[in-house]
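Asker: What shape does this take:
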Amino acid sequence: MADGGKMKGVEGSGEGTGHGEDMDEEAQEELELALSLGRRGWHLPPVPVPPPAPALRWSMVFPAWDPDAAGSSRAAESVWDSPPVPPLRFRDMWRGGGADADAGGAREAEEHNNVEEEEGSEDGDRDLQNKRPKVGAFGEESSGVNASFFGYEAPHLHAFAEHDHLKLSHGPENELDFGLSLISNDGGNDIPRETNSHGVCDVERSGGTNAEDLEIRMDLSDDLLHLIFSFLCQKDLCRAGAACKQWQSASMHEDFWKYLKFENTRISLQNFVNICHRYQNVTNLNLSGVLSAESLVIEAITFLRHLKTLIMGKGQLGETFFQALAECPLLNTLTVSDASLGSGIQEVTVNHDGLHELQIVKCRALRVSIRCHQLRILSLRRTGMAHVSLNCPQLLELDFQSCHKLSDTAIRQAATACPLLASLDMSSCSCVTDETLREIANACQNLSVLDASNCPNISFESVKLPMLVDLRLSSCEGITSASMGAVCFSRILEALQLDNCSLLTSVSLDLPHLKNISLVHLRKFADLNLRSPVLSYIKVSRCSALRCVTITSNALKKLVLQKQESLCNLSLQCHNLIDVDLSDCESLTNEICKVLSDGGGCPMLRSLILDNCESLSVVELNNSSLVNLSLAGCRSMTFLKLACPKLQVVILDGCDHLERASFCPTVYG
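Answerer: Down below sits the predicted model:
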């Protein structure tokens, strides 16, 4: 993985080219996962020194870089007990050379009386802590490191360390940056002054301090690092781990590597095995879109003893892969999508005693056999297989959606083999018949959710499912009014969907638990009769033949019957109905006013919209709760009489033939 300190963890990362310029853009972005394995030998690239500026600027002078101390918190252990740093005076910044603030340790002596004496003094007992900074041109070299490290501009370093020396630098935006070089004061020998070719005056060093003692120490709380790194993906974690030893240690924390997400990532076999070997507490693994993902799992399966969720996608998965899953006893969720299963000839068998959820979506296989005694959820959606065999006695949810190649017999055998089945989705399985539904109803008496949409051979007649709660029969050409008798047998039904059933002419249901019903694009649908005390949502749209609507409900609050051109009879017994929208119902007669007035069955009505109801000629409303009324576009209306004491808004735009209007604010006792 690493030779000569060069990290190499991902295939195709420029190996063999000999030049970094030849690496394509994709390879440069590949994941350097080897950094997470704790490999040393990585060094920061040299930082280019910016050219000197023509104008006088101040530069931040840092001591020599010590890579072993980077990211350490040792420098800040004695911060809070240290003496305060002497204040920096503005006039000191313009001195040409460094000088001691105090001679012989007398800090209380006034500086303006000793300026010339201090400039010429070279006393060996001077203390580094009391030295003033020198001013030089920006960008000039010094004995310390530059203000830019890790490849970016250094942030403002505030003075909070013991025995520190304050530096002042002037940034490129003419902004003063106060930095800190952590210099220890050991006392002893003098250190000669170093000055570069441009006349930059470095710090005078004395007291036995050498270059090895000069170091920058950045401290960031481990807890704070842990919190920040928790928002990073694994690619960014590896990049952050290259900054310093502290960041490397933080990025390698086990919490960040319990979920290995390598989706659409190129990774070498050896690197993947090493990662799994290091982080053996991995619980989630995502290899969707990874080339040769099967071989990766097989090679590293012995280190994945704690794996609970595995996601695979694309490529070829043979019988060996599914047999190797037995090495993961804690595995409870397996997802395989857009893959080819088996060799195309033999049957693919999934056998795992601990598996609870299995999703094989949009895959290609000839025959699939699933033997998982603890399996609860199984999805074979959009999988092209000719035969399926199930031995899953605990299965609760089964999804066969869009399995076009499955025969009616295969679906029947698979579903009836699961006696505890509670949810079945066989939508878009064109081969399913009523016979299969009847056998499923007999074998799976706890079935509560059934989706048989887009099954043209289903009429649902003589199908009895007493435990059914949610029924979806959209786009079933065989559904007729006779089918509603079987629907009424499901007394605890709560949701019903009958969209695009072209042969359905009427719906009459009396179900005590029905809450939602959807009736969309029913070309021959003419009569609707619903009775349910908990009915709260009705969707009726694009039913051009609908003439009569009768609704009885104590929970319905909003009724929308827009663009029902044939609707002429409406009967409502809805004591909590608040909003009614009957826009563009061109066939509504004047009798609608009695339904919407007091005593008509809507005592709580507050908003009524009758826009473009062109058959209305006389509108008489006597409603004690109505607040908003809209009659825009009612061109045939000639007389309007309103006895609504709470009415606040009336819209009459486009009522061109209105001759008389009467507003009677009757007050009810």
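
Asker: ranges for the strands of the stretch 401-550 of the chain?
Answerer: Taking DSSP state E, counting those that start in this stretch to define them, one finds strands in the stretch 401-550 of the chain at 423-425, 449-451, 470-472, 495-497, 506-510, 516-520, 527-531, 537-541, 548-553.

Asker: Would you mind giving the ones you listed as TSV with mean neighbour count added?
Answerer: (Each C-beta comes from the backbone N, C-alpha and C, glycine too.) Shown next, in TSV, are these (neighbours: other Cβ atoms under 10 Å):
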stretch	mean neighbour count
strand 423-425	21
strand 449-451	21
strand 470-472	19
strand 495-497	20
strand 506-510	16
strand 516-520	18
strand 527-531	18
strand 537-541	16
strand 548-553	19
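
Asker: for Cys543, what are its contacts?
Answerer: With contact set as Cβ atoms under 8 Å, 6 or more residues apart in numbering, Cys543 has these partners: 519-523, 525, 564.

Asker: Of all the strands of the stretch 401-550 of the chain, which one comes closest to Thr283?
Answerer: Evaluated over the strands of the stretch 401-550 of the chain, closeness to Thr283 peaks at strand 423-425, with 26.8 Å, by Cβ to Cβ.

Asker: Give me the mean pLDDT for that closest one.
Answerer: For strand 423-425, the per-residue pLDDT values average out at 97.

Asker: What strands line up against that strand, and which way round?
Answerer: strand 397-399 (parallel), strand 449-451 (parallel) (DSSP bridges).

Asker: So what touches the last one?
Answerer: If you take Cβ under 8 Å, 6+ apart as the criterion, strand 449-451 is touched by 401, 422-427, 465, 468-472.

Asker: pLDDT on it, on average?
Answerer: Here the mean pLDDT over strand 449-451 is 97, rounded to a whole number.

Asker: likewise the first one?
Answerer: Per-region confidence: strand 397-399 scores 97 on mean pLDDT.

Asker: Nearest to Arg305 among the contacts of Cys543?
Answerer: Val520 (51.4 Å).

Asker: Can you turn the buried part of the contacts of Cys543 into a PyMOL selection?
Answerer: Only the buried members of the contacts of Cys543 end up in this PyMOL selection, burial being decided by 16 or more other Cβ atoms under 10 Å:
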select buried, resi 519+520+522+525+564
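
Asker: quick check, nearest of the contacts of Cys543 to Leu287?
Answerer: Closest to Leu287 out of these is Val520 (41.3 Å), distances taken as Cβ to Cβ.

Asker: Kindly tell me how buried Val350 is, as a neighbour count.
Answerer: Burial of Val350, expressed as a neighbour count using other Cβ atoms under 10 Å, amounts to 22.

Asker: OK, contacts around it?
Answerer: Counting by Cβ under 8 Å, 6+ apart, Val350 touches 322, 325, 334, 358, 368-372.

Asker: Look at Gln316 and report its pLDDT.
Answerer: Reported pLDDT at Gln316 in the predicted model: 90.

Asker: So it sits against Asp338, correct?
Answerer: No - contact status for Gln316 versus Asp338: not in contact, 11.5 Å apart, counting by Cβ atoms under 8 Å.

Asker: What helix or strand is Leu608 located in?
Answerer: strand 607-609 (DSSP states H and E).

Asker: residues making contact with the following helix or strand past that strand?
Answerer: As assigned by DSSP H and E, the chain's next helix or strand after strand 607-609 is strand 618-621. Identification of contacts with strand 618-621 by Cβ under 8 Å, 6+ apart yields 590, 593, 596-597, 608, 610, 629, 631, 634, 637-644.

Asker: Over strand 618-621, what's the mean pLDDT, rounded is fine.
Answerer: Mean pLDDT, strand 618-621: 92.

Asker: Name every strand pairing with that strand and say which way it goes.
Answerer: According to DSSP bridges, strand 618-621 forms sheet pairs with strand 639-642 (parallel).

Asker: re earlier: out of the strands paired with strand 423-425, which gets nearest to Ser617?
Answerer: When these are compared by Cβ to Cβ, strand 449-451 sits nearest Ser617, at 46.6 Å.

Asker: Domains of this structure: list them as residue ranges, please.
Answerer: Domain ranges of the chain: 222-256, 521-668, per the TED database.

Asker: Same list, these, but as CSV with distance to Ser295 please.
Answerer: Written out in CSV, the entries for the domains of the chain read as follows (distance: least, Cβ to Cβ, whole Å):
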stretch, distance to Ser295
domain 222-256, 21
domain 521-668, 50
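
Asker: Any idea which of the ones you listed gets closest to Ser268?
Answerer: For the domains of the chain, the distance to Ser268 is smallest for domain 222-256, at 14.2 Å, taking Cβ to Cβ.

Asker: For the closest one, which residues meet the burial criterion?
Answerer: Burial within domain 222-256, assessed by neighbour count using 16+ other Cβ under 10 Å, is assigned to 225, 229, 234-235, 237-244, 246-248, 250-252, 256.

Asker: Could you do stretch 271-287 as well?
Answerer: 271-272, 274-276, 279, 282, 285-287.

Asker: And stretch 578-588, by the same measure?
Answerer: Within stretch 578-588, the residues that count as buried by 16+ other Cβ under 10 Å are 578, 580-585, 588.

Asker: ok, which pair from those residues is furthest apart?
Answerer: It's Ile578 and Asp584 that sit farthest apart of the buried residues of stretch 578-588, by Cβ to Cβ, at 20.8 Å.

Asker: Tell me which helix or strand in the chain has the weakest average pLDDT.
Answerer: Counting by mean pLDDT, DSSP states H and E, the weakest-scoring helix or strand in the chain turns out to be strand 176-183, with a mean of 28.

Asker: Flag the shaky bits of the stretch 451-600 of the chain, pLDDT-wise.
Answerer: For the stretch 451-600 of the chain, applying pLDDT under 70 flags no range at all.

Asker: now, which of the buried residues of domain 222-256 lie within helices?
Answerer: Residues of the buried residues of domain 222-256 located in helices (DSSP state H): 225, 229, 234-235, 237-240, 246-248, 250-251.

Asker: For Ile345, state which of those is nearest.
Answerer: The nearest member of those to Ile345, counting by Cβ to Cβ, is Gln234 at 38.2 Å.
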